[in-house]
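# no sequence on this one, just coordinates:
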């Protein structure tokens, strides 16, 4: 590359970092007039121009430059340079909120193909291009709700930076971007402590004297403000969110970057609503309206309407609550491109109806709520927002409880836990599992309420219905539940028809009481079909809880005292190991054929296999994070 041209481009970036956008733009325009520029030099100027217009708030020009550059370098047939143009276009799609579009997904596929095609270049040449592509891909996956895959992209990106010691400044800049987005990812997964750790790491990576680092700071302060809101620390949340907003104000970017300003103000105002600070709410509400008047964008108009409806909903006047309901319905109908806002509107309207239900004790109101709950699940499934799906199932469980439908309540709880666990929301899964255990312990209370035809208000309080809505609205701090190791009591492997094949008794009370063991086995076989064929995952037997899983021609039953979450994990791990150890399956099959009971004293390796899993605190590194 021509050294004088490179120096001029570097000067353009220096001017931009100093906040001298107009000077930077004049310089970039002047450089671009040079007819002897190489394709690589032209590309670098386009990237600079794109960022200058972004800083000026001229988003239409940003999109125009990205599209123009993409088309030009696609025609050139030079994948090495085209990778930068592709990254430019991906970045603009993310900024436009079009991460779920077919265009974004096709660009990801195209980018993966290009990375392979340029692999013959030196790692230093392609490294930062691939690192930045992985970062952008991670954001796309993040917005699709595929958090674990997004984290894999981020981790691979960091590995490339470290492994190949990429260019210090470019590598450091990309490293900060990746570490920051990992903070947001861990917040979405519910691991708030780890999220805070990554945002602090990002702040420590800042490159001094760069205006762009201010926007990275803004992003990290916003991320930390959001996670402290979820922790329930509203004062710390507000301090950090205001610090993030101050960066936009001091940089004179409040109106130009209206998309970011609107999201920040949404965070600030929802925290102020939780604190009932009406005076401050009015100030920030007015600021949001002012930004929206000067630079109207659809997202901020929807945010403004949503917040206005929230305030109206809290009014004691029925006219205001009716207006709030109409606004929520309008957001649901018109603003489907903003999934978070539509989800929130659906939850808020359910909350309105639940408050009416509590006031009137009219159960027919549930018939009006159910369509909105169905929409909420449908919309959450479409956008892969698994925490909302799981929490909505939890809400459905509590609705079933107040209707005295115990079986439905337990099925919804089972589904909610499976959705949360399968998609990596382990803290949420633990919370749901503990709630399921608590319900089993309260079955007698619920039966008494049913017999006494208890008033609806009493049932709603016991079902913690308002707590379900608060969890969906995220208006309460996320308390990570304590996962307590269960006390193993008994493990059974049964043949078809309930014939005993193997038993292992962990507790002394069972080892010395054949009568207790026999009565349990008889009772278990009598109710196992009733419970486990209806999609339930646990049952109560006196002071014990029982789980049962079926593999092939065997049923495996685990009896224990205490919490279920780790017990389920251990049973699942036991079955997985069982299926992967041929010698054990061969032993089971041999005794199955003769209908004999296996005596563990004759197979000491089996006893060791069982105790290793069920008496260990965390066998197989079971994920509880």
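On my side now, so go ahead. All values reported here derive from a predicted model rather than from experimental measurement.
# low-confidence ranges, the stretch 451-600 of the chain, go.
The model of the stretch 451-600 of the chain has pLDDT under 70 over residues 465-481, 509-535.
# so for the chain, the centremost residue is which one?
What sits nearest the mean C-alpha location of the chain, by Cα atoms, centre = their mean, is residue 188, with 3.6 Å.
# ok, that residue touching residue 148?
No - using Cβ atoms under 8 Å, residue 188 is not in contact with residue 148, being 10.9 Å away. In this view, the C-beta of every residue, glycine as well, is placed from N, C-alpha and C.
# can you tell me the helix or strand for residue 37?
Taking DSSP states H and E as the definition, residue 37 sits outside all helices and strands.
# and the closest residue to it other than its chain neighbours, what's its pLDDT?
Spatially, and ignoring its direct neighbours in sequence, residue 37 is nearest to residue 5 (6.7 Å; Cβ to Cβ, 6 or more residues apart in numbering). You'll see residue 5 listed with a pLDDT of 84.
# could you say what helices and strands the helix or strand harbouring residue 5 packs with?
With secondary structure defined by DSSP H and E, residue 5 is part of helix 3-17. The contact analysis (3 or more Cβ pairs under 8 Å, 6 or more residues apart in numbering; DSSP states H and E) places helix 3-17 against helix 21-32, helix 39-56, helix 211-231.
# thinking again about what came up before, OK, contacts around the residue nearest to the centre of the chain?
142, 147, 387 (Cβ atoms under 8 Å, 6 or more residues apart in numbering).
# how much space between it and residue 38?
Noted for residue 188: a distance of 42 Å to residue 38, by Cβ to Cβ, to the nearest Å.
# again, but for residue 547
Distance of residue 547 to residue 38, given as Cβ to Cβ: 67 Å.
# neighbour count: those two, which is higher?
In this view residue 547 and residue 38 are compared by other Cβ atoms under 10 Å, and residue 547 has more residues nearby, 19 against 12.
# hang on, the more buried one in a helix?
No - counting by DSSP: H, G, I helix; E, B strand; the rest coil, residue 547 is not part of a helix but strand.
# nearest spatial neighbour of it, skipping sequence neighbours?
Closest residue to residue 547 apart from its sequence neighbours, by Cβ to Cβ, 6+ apart: residue 558 at 4.8 Å.
# give me the beta-bridge partners of that neighbour?
Assessed by DSSP bridges, residue 558 has beta-bridge partners residue 491, residue 547.
# and residue 502, helix, strand or coil?
Assignment for residue 502 (three-state DSSP): strand.
# now for it, how many residues are close by?
Residue 502 has 21 neighbours, counted by other Cβ under 10 Å.
# is it in a bridge, and if so with what?
According to DSSP bridges, the residues that bridge with residue 502 are residue 493.
# if we can go back for a sec, settle this for me: the residue nearest to residue 37 is touching residue 31, isn't it.
Yes - applying Cβ under 8 Å as the test, residue 5 and residue 31 come out as touching, 6.6 Å apart.
# in helices only, show me the contacts of residue 188.
Of these, the ones assigned to helices by DSSP state H are 142, 147, 387.
# in JSON lines: those residues, plus neighbour count and pLDDT.
Formatted as JSON lines, the ones in helices among the contacts of residue 188 follow (neighbours: other Cβ atoms under 10 Å; pLDDT from 0 to 100):
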{"residue": "142", "neighbour count": "22", "pLDDT": "85"}
{"residue": "147", "neighbour count": "23", "pLDDT": "84"}
{"residue": "387", "neighbour count": "22", "pLDDT": "83"}
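# how distant is the helix holding residue 5 from the center of its chain?
A distance of 40 Å separates the centroid of the chain from that of helix 3-17, by Cα atoms, centre = their mean, to the nearest Å.
# one more: stretch 56-65?
31 Å.
# same question, stretch 329-343
What separates the centre of stretch 329-343 from the centre of its chain is 19 Å, taken as Cα atoms, centre = their mean.
# so which bits of it are buried?
331-332, 335, 338-343 (16 or more other Cβ atoms under 10 Å).
# now, among those, which is nearest to residue 615?
For the buried residues of stretch 329-343, the closest approach to residue 615 (Cβ to Cβ) belongs to residue 343, at 42.8 Å.
# for the closest one, which three-state class applies?
Taking three-state DSSP, the label given to residue 343 is helix.
# that one touches residue 385, doesn't it?
Yes - contact criterion Cβ under 8 Å: residue 343 and residue 385 qualify, at 6.6 Å.
# neighbours of the residue nearest to residue 37, just the number please.
Counted with other Cβ under 10 Å, residue 5 comes out at 19.
# wait, what's in contact with it?
31, 34, 37, 41.
# reformat those as TSV; add distance to residue 581 and neighbour count.
TSV is the format used below for the contacts of residue 5 (distance: Cβ to Cβ, whole Å; neighbours: other Cβ atoms under 10 Å):
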residue	distance to residue 581	neighbour count
31	68	21
34	70	14
37	66	17
41	62	19
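# residue 416: how many residues sit nearby?
Using other Cβ under 10 Å, the number of residues around residue 416 comes to 26.
# for it, list the residues it contacts.
Residue 416 makes contact with 390-391, 393-394, 397, 432 under the criterion Cβ under 8 Å, 6+ apart.
# for it, which non-adjacent residue is spatially closest?
In space, not counting the residues next to it along the chain, residue 416 is nearest to residue 393; the distance is 3.6 Å by Cβ to Cβ, 6+ apart.
# circling back: next one: the residue nearest to residue 547 from residue 16, what distance?
63 Å.
# again with residue 367
Distance from residue 367 to residue 16, by Cβ to Cβ: 58 Å.
# okay, the two: which has more neighbours?
More crowded of residue 367 and residue 16, by other Cβ under 10 Å: residue 16, with 24 against 8.
# what's the neighbour count on the closest residue to that one other than its chain neighbours?
The shortest distance from residue 16 to any non-neighbouring residue, by Cβ to Cβ, 6+ apart, is to residue 24 (4.4 Å). By other Cβ under 10 Å, the residues close to residue 24 number 24.
# who touches both of residue 5 and residue 31?
residue 37.
# list of residues touching the helix or strand where residue 612 lies?
Using DSSP H and E, residue 612 sits in helix 604-614. Helix 604-614 is contacted by residues 488, 491, 502, 504, 506, 558, 570, 573-574, 577, 581, 583-584, 587, 598, 600, 619-620 when judged by Cβ under 8 Å, 6+ apart.
# can you redo the buried residues of stretch 329-343 as JSON lines with pLDDT?
Shown next, in JSON lines, are the buried residues of stretch 329-343 (pLDDT from 0 to 100):
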{"residue": "331", "pLDDT": "91"}
{"residue": "332", "pLDDT": "90"}
{"residue": "335", "pLDDT": "78"}
{"residue": "338", "pLDDT": "74"}
{"residue": "339", "pLDDT": "76"}
{"residue": "340", "pLDDT": "78"}
{"residue": "341", "pLDDT": "85"}
{"residue": "342", "pLDDT": "87"}
{"residue": "343", "pLDDT": "85"}
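# identify the farthest-apart pair in those.
332 and 340 (12.7 Å).
# in the helix or strand hosting residue 355, what counts as buried?
Element membership of residue 355 [criterion: DSSP H and E] is helix 339-360. By neighbour count on 16+ other Cβ under 10 Å, the buried set for helix 339-360 is 339-354, 356-357.
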